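**Q** here's a sequence, model it:
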Amino acid sequence: MNYRTKNFLLKTFYHLWPKIIFPKARDHFKWNVRRITVDQRKLEMSEDHRGNLKKVEPYAFIRVKNERRTLLTSLNSILPVIKKGVIAYNIAPGEETDGSEKIIEQFCRENPGFIPFHYPYHVEPPNSPKYATGELAFENTLGGYYQATLEQIPKNEWLIKIDVDELFLAPALEHSFSIPKTEEDIVIYSRLDVVRTSTGQIKIERYLRSGDQWLVFNKDLRFENVVRKRKDGSLFACEHLIKDNSQIPYSPECSILHFMYEKESREYKGDISKLENLEDFLKKADPSEFSEELLTLRDMATQFEQS
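**A** Below is the predicted model of the structure:
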């Protein structure tokens, strides 16, 4: 069975399998059909094979809102393999800033492939009930902020979504740029949500195979706002990328540590002592999905700004 036939059958099976039947199994199928393993990455990036790889050169698609603590370290983690992009920062008239925009402007001066973009409208936070009532103008929403940033990136170019409260494993990221073979291909990146203790230990909160980082071709893309319900019944809003005619996504090895609790607006409220250390987690984790190279990101996190 050739690749095109196999891919057609897999897509047909996925789309026709009713969501109401075995939804968990269906979701598991969705994120496993096109996995890229650690060993595959190491083989294809070896001296004997890397010359045969054809890689896309994506623009970084970055949005920032008062994230000074992790901002520069995050940008430096992608710099070895991403040389261009748009870094948007949101400051509306009268709003306070932590100085993130100054770091962005300096970074762009030193790395001219990156362009700063000031988004001047107030953006309502995700927990606002105004999303559910529909009373917000689009420019005051997360979707509006994302759409305006997207419009700064040239059409018919590849782009990768980067969040600056995350650190990226550069070798895995570089290899992922060789995965797309057609404009319809999408790469979805998995991540570890982590908590950093006062002594610098990295604790694992959860693993998300279907994270919200992606590599996609900038053709017929658009953002909209969606309102979702948490387990406790509360509502929250988020942006949602719309792309037509996409393939079943590829899912490479985990290459991201997500430090969401480094933001001043967030605080981990659980018992950190019950969380597993990154080192212990990696010793037991599936070696096809997790490389011990992730420990280099632990060391990189020591470069975060101190509050």
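
**Q** need the helices for the stretch 101-250 of the chain, in chain order.
**A** 130-133, 142-150, 170-176 (DSSP state H, counting those that start in this stretch).

**Q** contacting residues around Pro93?
**A** Pro120 (C-beta atoms under 8 Å, 6 or more residues apart in numbering). In short, each C-beta sits where N, CA and C put it, glycine included.

**Q** how much space separates it from Asn66?
**A** 16 Å (C-beta to C-beta, to the nearest Å).

**Q** cool, and Ile103?
**A** Distance from Ile103 to Asn66, by C-beta to C-beta: 11 Å.

**Q** sketch out the low-pLDDT regions of the protein for me.
**A** 1-33, 246, 307 (pLDDT under 70).

**Q** the longest strand in it is where?
**A** Secondary structure of the chain read by DSSP state E shows that its longest strand is strand 202-217.

**Q** residue contacts, the spatially most central residue of the chain?
**A** The centroid of the chain falls nearest to Gln213 when counting by C-alpha atoms, centre = their mean (2.4 Å). Neighbouring residues of Gln213 by C-beta under 8 Å, 6+ apart: Ile160, Lys161, Ile162, Asp163, Glu166, Ile188, Tyr189, Arg191, Ile256.

**Q** mind listing the strands for the stretch 101-250 of the chain?
**A** Along the stretch 101-250 of the chain, the stretches classed as strands by DSSP state E, counting those that start in this stretch are 114-119, 158-162, 166-168, 187-196, 202-217, 221-229, 235-243.

**Q** would JSON lines of those strands with distance to Asp39 be doable?
**A** Output for the strands of the stretch 101-250 of the chain, formatted as JSON lines (distance: least, C-beta to C-beta, whole Å):
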{"stretch": "strand 114-119", "distance to Asp39": "33"}
{"stretch": "strand 158-162", "distance to Asp39": "23"}
{"stretch": "strand 166-168", "distance to Asp39": "20"}
{"stretch": "strand 187-196", "distance to Asp39": "16"}
{"stretch": "strand 202-217", "distance to Asp39": "18"}
{"stretch": "strand 221-229", "distance to Asp39": "33"}
{"stretch": "strand 235-243", "distance to Asp39": "30"}
